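Colleague: predicted structure and sequence below. I'll ask about it afterward.
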Amino acid sequence: MATPQAREEALLTVRKVTLRFGGLTSLSEVDLSLYRGEIRSVIGPNGAGKTSLFNCLTGVYTPQEGTIEFITADGTPTQLVSGPPRRRRSRKPHVVNRAGIARTFQNIRLFAALSAFENVKIAAETRQRTGPIGAMLRLPHARANERRSDARTRELLDFVGLRQVADELASSLPYGVQRRLEIARALATDPALLLLDEPAAGTNPTEKRQLEGLIRRINTDLGVTVLLIEHDMKLVMSVADRVTVLNFGRVIAEGRPEEVQRDPVVVEAYLGSTEEKP
């Protein structure tokens, strides 16, 4: 959980972000300030705009209005979206990742034909500086970089509890294990901010409890700020420092979990639905 000191620094600032697809408004003047070291959850009914928000943060979509600013590891403010209305642009996803933002997906996107080890190593190698010539000639610095990426991969597989399946194909792993593997791959890029898009989807109660502990350890042990989209309210209320609620693309509530849980507008829009209650 975030310390009071960490809360004083906004790592990510979203201001008045609006995203339209033709006549459909997916996000409408969304504001969000995410503080370094906290776990923030974004909840809301299906179609509320949660994944659209993640896609704006990671350069997949370019919102027509608003600003998104991220503070990189060296303290440099970086505009993820910039330009006048008719010439707006978002930084490309790989540039966003290099700035310090990693994500998982609602629909798992692993390299199915590669092993668990290889899936994580590919991500770890994105932080290496070995050029194609050095790699082909197996120069000393290239071999050193490979040793480092191998060590980092083993370290992260241990961290998520998957060292024992390192050599198994990703496609052969149980669904809940694949979820943890995707998280390990995201962590291999050394993010300051990790975006988790419904990581508990399709998991059983035991896997949800393991995921809860993993999210806490990512935050406390690795010092990674977490932004979490999730429908499982028990998980949200147990790990989140603060909760933002979206409905029809608008922020309808924000606050500590217990405050949001009691908000009648939230109860009507979301918590009062057929979704599991805490």
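Modeller: Received, thanks. The structure presented is a predicted model; accordingly, all values stated were derived computationally and were not measured. Numbers count the residues shown, from 1 in each chain.
Colleague: hey, what's the most centrally placed residue in the chain bridged with?
Modeller: By CA atoms, centre = their mean, the mean C-alpha position of the chain lies nearest to residue 195, the distance being 0.9 Å. Residue 195 has these beta-bridge partners by DSSP bridges: residue 103, residue 227.
Colleague: what sits against it?
Modeller: 54, 57-58, 101-104, 227-229 (CB atoms under 8 Å, 6 or more residues apart in numbering). In this view, the C-beta of every residue, glycine as well, is placed from N, C-alpha and C.
Colleague: residue 50 now?
Modeller: 42-44, 197, 229, 246.
Colleague: where does the stretch 151-278 of the chain dip in pLDDT?
Modeller: 270-278 (pLDDT under 70).
Colleague: what about the helices in it?
Modeller: Secondary structure of the stretch 151-278 of the chain (DSSP state H, counting those that start in this stretch): helices located at 175-187, 205-220, 233-239, 257-262, 264-266.
Colleague: buried deepest among those helices, which one?
Modeller: helix 175-187 (a mean of 22; mean count of other CB atoms under 10 Å).
Colleague: please name every helix or strand in contact with that one.
Modeller: Secondary-structure packing of helix 175-187 (3 or more CB pairs under 8 Å, 6 or more residues apart in numbering; DSSP states H and E): strand 101-103, helix 116-124, helix 140-159, strand 193-197, helix 205-220.
Colleague: okay, the angle between the fourth one and helix 175-187?
Modeller: The one in question is strand 193-197. For strand 193-197 against helix 175-187, the angle by axes from the mean of the first three to the mean of the last three CA atoms, to 10 degrees is 150 degrees.
Colleague: would you mind listing the buried residues in strand 193-197?
Modeller: Neighbour-count burial for strand 193-197, counted by 16 or more other CB atoms under 10 Å, picks out 193-197.
Colleague: likewise for stretch 158-168?
Modeller: In terms of neighbour count (16+ other CB under 10 Å), stretch 158-168 has its buried residues at 159-160, 162, 165-166.
Colleague: start and end of stretch 158-171, how far apart?
Modeller: Start-to-end span of stretch 158-171 (CA to CA, to the nearest Å) is 20 Å.
Colleague: before we move on, back to that, in TSV: the buried residues of stretch 158-168, plus distance to residue 214.
Modeller: Shown next, in TSV, are the buried residues of stretch 158-168 (distance: CB to CB, whole Å):
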residue	distance to residue 214
159	8
160	6
162	11
165	15
166	17
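Colleague: just the closest of these to residue 203, please.
Modeller: residue 160 (13.6 Å; CB to CB).
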